[in-house]
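Peer 1: sequence below, structure please.
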Amino acid sequence: MESNILLLGETLQQGKLFLPPQHRTCDSLLKLRKLPNGRIDLLSVDESARLLANMQRQFDLDRGSDG
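Peer 2: Predicted structure coming up:
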């Protein structure tokens, strides 16, 4: 799950995915915390962020197999 969250962050930073600021998932992503060792605090990942991260991973896997 942590790798999916990181992939989602990269996708958003690269501008490949756009979420409107009022979207519920934006709030979820802004609430994510990092631990002192730099890893994602999995207790801060809610259902909305988890689902979006998993969908992004699946999309990337599907797109890679086609091409």
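Peer 1: may I see the buried residues of the lengthiest helix in the chain?
Peer 2: If you go by DSSP state H, the chain has its longest helix at helix 47-66. Within helix 47-66, the residues that count as buried by 16 or more other C-beta atoms under 10 Å are 48-50, 52-53, 56-57. (C-beta placed from N, C-alpha, C; glycine too.)
Peer 1: with stretch 29-49 instead?
Peer 2: 29, 32, 40, 45, 48-49.
Peer 1: against Glu47, how distant is Gln22?
Peer 2: Applying C-beta to C-beta, to the nearest Å, the value for Gln22 to Glu47 is 19 Å.
Peer 1: now swap in Arg57 and tell me
Peer 2: Arg57 is 16 Å from Glu47, by C-beta to C-beta.
Peer 1: one step back: in the buried residues of stretch 29-49, find the pair that's most separated.
Peer 2: Across the buried residues of stretch 29-49, the longest distance by C-beta to C-beta is 15.0 Å; it joins Ile40 and Ser48.
Peer 1: turn the buried residues of stretch 29-49 into a markdown table, columns for pLDDT and distance to Gly64.
Peer 2: Formatted as a markdown table, these follow (pLDDT from 0 to 100; distance: C-beta to C-beta, whole Å):
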| residue | pLDDT | distance to Gly64 |
| --- | --- | --- |
| Leu29 | 89 | 24 |
| Leu32 | 93 | 25 |
| Ile40 | 94 | 23 |
| Val45 | 94 | 24 |
| Ser48 | 91 | 25 |
| Ala49 | 92 | 23 |
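Peer 1: so, low pLDDT: which residues of the chain?
Peer 2: Scanning the chain for pLDDT under 70 picks out the ranges 65-67.
Peer 1: residues contacting the residue nearest the centre of it?
Peer 2: Nearest to the geometric centre of the chain sits Leu8, at 3.3 Å (C-alpha atoms, centre = their mean). If you count contacts by C-beta atoms under 8 Å, 6 or more residues apart in numbering, Leu8 has them with 17, 29, 49, 52-53, 56-57.
Peer 1: let's see that with 6 Å instead.
Peer 2: 53, 56 (C-beta atoms under 6 Å, 6 or more residues apart in numbering).
Peer 1: make sure it is indeed in a helix.
Peer 2: Yes: under DSSP: H, G, I helix; E, B strand; the rest coil, Leu8 falls within a helix.
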